[in-house]
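> Next come a sequence and a model predicted from it.
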Amino acid sequence: MSEISIKTDVYTPETTKTVSFQGYHPSRLLSAMPNLLMDVFKLESAGIYEDQFKWDDSVDPDSFYVIWRGLKGFDKFSKFVFSVVIMGTQNKKDKMGSANVTMRAEIKTTMGQKTPLHWIANRVYMSKFYNDFRRKYVKMAKEEVTQFEEEVKALFNLMERSKI
């Protein structure tokens, strides 16, 4: 048959959140991002993926575009998917520039269904029991993405760095 698949955006009502920065050396976030993702989301390096890395140094200022994605499993049905897109420019001589960090976070739940009986059992289980777990997962994910946003701002000295 098919499967039940539910996707919940953590950033609601918008689907993304963007932090903008102008100042000295915005590309330093590129080297800090993998460790930042591992520390805040408590991921192993195998849970972080660098989907794209583009750096154009043929013009002044240099431009860069990078996408990272993190995956974290909550249980056998639900996982937390987080992506970060960094797009910016940096002057070659004085290292001044700007960067936009766009974050997207969602909880994905998938339950397989092999027979019509599975379909009925999954619907009952989802409505009576599992939705409480999903709400807890969304709450935990919101706390982690808020922490991540604070850490990105702290890296750019936009606010005081918190203790991880």
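That came through, no problem. Numbers count the residues shown, from 1 in each chain.

> Secondary structure element holding the closest residue to N157 other than its chain neighbours?
Among residues not flanking N157 along the chain, G23 sits closest, at 7.8 Å (C-beta to C-beta, 6 or more residues apart in numbering). To be clear about C-beta, it is placed using only N, CA and C from the backbone, and glycine gets the same treatment. Assigned by DSSP states H and E, G23 belongs to strand 16-24.

> Pull the number of nearby residues for the residue nearest to N157.
G23 has 13 neighbours, counted by other C-beta atoms under 10 Å.

> Tell me who's in contact with it.
Shown in contact with G23 (C-beta atoms under 8 Å, 6 or more residues apart in numbering): M96, G97, S98, F156, N157.

> So how do I select the buried members of these in ChimeraX?
Only the buried entries of the contacts of G23 go into this ChimeraX selection, using 16 or more other C-beta atoms under 10 Å:
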select :97,156
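
> Closest one of the contacts of G23 to F64?
G97 (9.2 Å; C-beta to C-beta).

> before we move on, what SS does that closest one have?
Classification of G97 using DSSP: H, G, I helix; E, B strand; the rest coil returns strand.

> wait, what's in contact with the nearest residue in space to it that is not next to it in sequence?
Spatial nearest neighbour of G97, chain neighbours left out: Q90 (3.5 Å); criterion: C-beta to C-beta, 6+ apart. For Q90, the contacting residues are H25, P26, S27, P61, D62, F64, M96, G97, by C-beta under 8 Å, 6+ apart.

> coming back round to it: who does the residue nearest to N157 form a beta bridge with?
With DSSP bridges as the criterion, the beta-bridge partners of G23 are G97.

> how far away is it from M33?
Plainly put, G23 is 17 Å away from M33 if you go by C-beta to C-beta, to the nearest Å.

> now the lengthiest helix in the chain: mean pLDDT?
Secondary structure of the chain per DSSP state H: the longest helix is helix 131-155. In this model, helix 131-155 has a mean pLDDT of 90.

> tell me which strands and helices it is in contact with?
For helix 131-155, the elements it packs on are strand 3-9, strand 16-24, helix 28-41, strand 78-90, strand 96-112, judged by 3 or more C-beta pairs under 8 Å, 6 or more residues apart in numbering; DSSP states H and E.

> Pick the most deeply packed of these.
strand 78-90 (a mean of 20; mean count of other C-beta atoms under 10 Å).
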